[in-house]
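give the three-dimensional model of this entry:
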Amino acid sequence: MRINVVNRSDTDLYLLQVLQDIKLTFGNVALNSTLMKHKELREYLRSMYEKDLVAIESDLIYNKSSEN
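Okay, the predicted model is just below:
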């Protein structure tokens, strides 16, 4: 999945880096545990990625229609 980092704030990028560090240092279980304990963080991440998911879906639809 591609992430549009151009439109990310410094805070968003820092948060993504911290989460990546948790995953690399402590593994997926620790990352999942962190996300499960913090509902606000889960909701924030979901909203942050929503635009990316919409963009990816529209790219897929465009590419599929271009093939026909």
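
got the residue ranges for the helices in the chain?
Taking DSSP state H, the helices of the chain run over residues 10-26, 28-37, 39-67.

elements contacting the shortest one?
Packing partners of helix 28-37 (3 or more C-beta pairs under 8 Å, 6 or more residues apart in numbering; DSSP states H and E): helix 10-26, helix 39-67. In this view, the C-beta of every residue, glycine as well, is placed from N, C-alpha and C.

go through the first one and flag the buried ones.
For helix 10-26, the neighbour count (16 or more other C-beta atoms under 10 Å) marks Leu15, Ile22 as buried.

and that helix with helix 28-37, angle?
If you take axes from the mean of the first three to the mean of the last three C-alpha atoms, to 10 degrees, helix 10-26 sits at 140 degrees to helix 28-37.

I'd like the mean pLDDT over helix 10-26, please.
What helix 10-26 shows for mean pLDDT is 82.
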